[in-house]
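> sequence first, predicted model second:
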Amino acid sequence: MKKFTKIALIVVLITGIVGGCLAGVGLVFGGSVRSITGNFTNSRLYHVLRRACRDHEGPWWDMDDDFNDYRHSLGDLDNFNHGSMEQREFLPSEIDSIDIEIYSGKVEIRTIPEDEIRISGLTDQDFLELDTEDRELSLEREYHDYGVMEDLIIEVPESKVFSSLDVHLESGQFLSSGKLSVREGDFTLMSGSVQIELLDAQETDIEMASGDFAVTQTGKLEDYAVRTKCASGHLVLNGEEHAGTTNARYGTAGSLKKIDIESSSGSVAVNFENQ
């Protein structure tokens, strides 16, 4: 075994032990497994490790996985020419949650009257994965090394309610037009911009390092329990501006609908349909 591999394994082992101990302490003091796993899957480390593991596995069919899983990089298709565009269609019942990672370019979700989920603007450098067991669609738009990128468009039925939407934005732009309905929406921005025309969600988590985030939530402020923790930057909540450090709660304490905002810098605007 190479020296580097041994060192890497030791580091992983130590990190795992320390992480397990800290998780145990968190559970003892009233934390939940969901909060621990949720924070990790929204972290930058999780996304870096996920990409590294996938790159190591390679872009081929994994026969050790469930045979029914639809899992491949779009670059594997024989009829896919470099830089060409491709489209995929799914039944709404096939997808319950969506996980999107954006490293460049623009990704947009549009609501449509048709009863079908369509993804267009895919290239051979995009990654698409459908876990048929969990009904989770994972989509990654990496940096493209050729020309001008086409927008990646995801069209979803107006009546579709997703259990979760997870958007991780390293750079680029994420847009949503029409009313997007999810039970849980998690948005992590390292830079770039997010604009959501109308979001109907039971829980909305916004975590920003920098960039611009703007969303209009259904209902009014009093329908939500809102927690804000902003180190700097600019926050607009229900039309009111809050500059600098903000650590406060708004709306109705104990409400079943929740909005959690954490920002290191940048601009966050959360408004309401009936403000």
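Ah, there it is. Residues are numbered from 1 along each chain as shown.
> can you list the buried residues in the helix or strand containing residue 227?
Assigning secondary structure by DSSP states H and E places residue 227 in strand 224-230. By neighbour count on 16 or more other CB atoms under 10 Å, the buried set for strand 224-230 is 224-228, 230. C-beta coordinates here come from the backbone N, C-alpha and C atoms, glycine included.
> strand partners of it, parallel vs antiparallel please.
Using DSSP bridges, strand 224-230 pairs in its sheet with strand 246-251 (antiparallel), strand 257-263 (parallel).
> hmm, back to that, now the buried residues of strand 224-230 in a markdown table, with distance to residue 249 and pLDDT?
Conversion of those to a markdown table gives the following (distance: CB to CB, whole Å; pLDDT from 0 to 100):
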| residue | distance to residue 249 | pLDDT |
| --- | --- | --- |
| 224 | 10 | 98 |
| 225 | 7 | 97 |
| 226 | 7 | 96 |
| 227 | 5 | 96 |
| 228 | 8 | 94 |
| 230 | 13 | 90 |
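> what residues are up against residue 179?
Neighbour list for residue 179: 111, 158, 197-200, 218 [criterion: CB atoms under 8 Å, 6 or more residues apart in numbering].
> again, only this time at 7 Å
Neighbouring residues of residue 179 by CB atoms under 7 Å, 6 or more residues apart in numbering: 111, 158, 198, 200.
> which one among the residues you listed gets closest to residue 264?
Of all those, residue 264 sits closest to residue 198, with 26.7 Å by CB to CB.
> for burial, what's the neighbour tally of residue 158?
14 (other CB atoms under 10 Å).
> surely it touches residue 113?
Yes. Look at residue 158 against residue 113 with CB atoms under 7 Å: they come within range, at 6.0 Å.
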